[in-house]
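Asker: Sequence and predicted model, in that order:
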Amino acid sequence: MSSTLSSARYGKDNVRVYKVQRNEDGTQDVTEMTVCTLLEGDIAASWTHSDNANIVATDTQKQTVYITAKQHPVNPPELFASILSQHYIDTYPRITAAHVDVIVHRWTRMEVEGKPHPHSFFRDGAETRVVGAVARRDKGIDVKSGIKGLLVLKSTGSQFWGFHRDEYTQLPETWDRILSTEVEAAWNWKTFTGLEEVQKEVAGFDQAWKDARRITMETFAKENSPSVQNTMYLMSDQILAKVPRVESVEYSLPNKHYFEIDLSWHKGLKNTGKDAEVYAPQSDPNGLIQCTVTRQSSGAKL
Ligand SMILES: O=c1[nH]c(=O)c2[nH]c(=O)[nH]c2[nH]1
């Protein structure tokens, strides 16, 4: 044969899990997640020689998600993903890497008659908290945390000017525009030596998510943005400053354009520039701006 299997992984995607926690005071907490597990290791023979001996069935992987959710905490998701990925490594000698992705969906407690309701929740937006853990045999656990689907808009306080112009350029410079994006942010934790080290960071995971979310929104709101590029860099820089164990931060931000509409053809209606009030939101095409910002090593040599 002239071909070789150069990479392979397999598992179960879209495993939906819900867990309730019944508290002593009568209140309940709920968590709903979508999990993906992918395994790597000595598994090539399944592809190349129809030999499934080392294949942990994707159904088995799914059952393991449920059992792990039953027997362990599902919060914070970084801990759950780490426990699950390490389980596959500890249980199956032929598996060398286990990738576990967890998407946490929002169930926000209802306020009823001005009080938090003990067991009723609502979906307050498509935003999710996302986590990826990769356990590698003898190499610890890599954890990545993030936010997806957080839709934000500011109606002023954004500019874009001074960009390169040539015979392909039509876009006018602007000192006042609408800025809207759907935030995808991620922060990568320094590799954990194992589950014990992950366990020690439990409070830090929730705090980092809160800080990253707050920094994202505060920076978006407060900065008179010269570009999406600059705004996302400021966000990344602040997250790195706030969370020492985080080594790099990534943002991927679509620029969701809102076009002015010239209505002067209708009785001279003024609706552009400083008179613009009615805009046409665009679904596509959209700008897409991405970056990874990495902590600068201190440079201090011992
Ligand atoms: O913030 C922006 N960055 C760009 O690179 C760009 N390009 C563009 O057409 N509009 C914008 N806005």
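Answerer: That came through fine.
Asker: Quick one: residues contacting the residue of the stretch 1-150 of the chain found nearest the ligand.
Answerer: Here the residue of the stretch 1-150 of the chain nearest the ligand is Leu150; by Cβ to the nearest ligand atom that distance is 17.8 Å. Using the backbone N, CA and C atoms, a C-beta is placed for each residue, glycine as well. Leu150 is in contact with 125, 127, 182-183, 213, 216, counting by Cβ atoms under 8 Å, 6 or more residues apart in numbering.
Asker: Give me the buried stretch members for the helix or strand containing it, please.
Answerer: Using DSSP states H and E, Leu150 sits within strand 140-154. For strand 140-154, the neighbour count (16 or more other Cβ atoms under 10 Å) marks 140-150, 152, 154 as buried.
Asker: The residue of the stretch 51-200 of the chain found nearest the ligand: what's it in contact with?
Answerer: The stretch 51-200 of the chain approaches the ligand most closely through Phe160 (4.3 Å), counting by Cβ to the nearest ligand atom. Shown in contact with Phe160 (Cβ under 8 Å, 6+ apart): 171, 173-174, 177, 226-227.
Asker: again, only this time at 7 Å
Answerer: Listed by Cβ atoms under 7 Å, 6 or more residues apart in numbering, the contact set of Phe160 reads 174, 177, 227.
Asker: Return the residues of the stretch 101-250 of the chain in contact with the ligand.
Answerer: Applying Cβ under 6 Å from any ligand atom, we find that the stretch 101-250 of the chain lies next to the ligand at 160, 171, 227-229.
Asker: Figure out how far the strand holding Leu150 is from the centre of its chain.
Answerer: 2 Å (Cα atoms, centre = their mean, to the nearest Å).
Asker: That strand - what's its average pLDDT?
Answerer: Strand 140-154 shows a mean pLDDT of 98.
Asker: For Phe122, which residues are in contact?
Answerer: Taking Cβ under 7 Å, 6+ apart as the criterion, Phe122 is in contact with 108, 110.
Asker: what do you get for Asp13?
Answerer: Contacts of Asp13 by Cβ under 7 Å, 6+ apart are Cys36.
Asker: Name the helix or strand for it, please.
Answerer: Assigning secondary structure by DSSP H and E places Asp13 in strand 10-22.
Asker: Of all the residues in the next helix or strand after that strand, which ones are buried?
Answerer: Next along the chain after strand 10-22, taking DSSP H and E as the criterion, comes strand 28-41. In terms of neighbour count (16+ other Cβ under 10 Å), strand 28-41 has its buried residues at 31-41.
Asker: show me which of those residues neighbour the ligand.
Answerer: On the criterion Cβ under 6 Å from any ligand atom, none of the entries of those sits beside the ligand.
Asker: could I get those as TSV with pLDDT and distance to Pro77?
Answerer: Below are the buried residues of strand 28-41 laid out as TSV (pLDDT from 0 to 100; distance: Cβ to Cβ, whole Å):
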residue	pLDDT	distance to Pro77
Thr31	98	8
Glu32	99	11
Met33	98	7
Thr34	99	11
Val35	99	9
Cys36	99	13
Thr37	99	14
Leu38	99	17
Leu39	99	19
Glu40	98	22
Gly41	98	24
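Asker: Closest one of the residues of the stretch 101-250 of the chain next to the ligand to Val112?
Answerer: Nearest to Val112 out of these is Val228 (Cβ to Cβ; 39.7 Å).
Asker: contacting residues for the closest residue to the closest one other than its chain neighbours?
Answerer: Of all residues not flanking Val228 in the chain, Ile289 sits nearest, at 4.4 Å (Cβ to Cβ, 6 or more residues apart in numbering). Going by Cβ under 7 Å, 6+ apart, Ile289 touches 228-229, 232, 253, 255.
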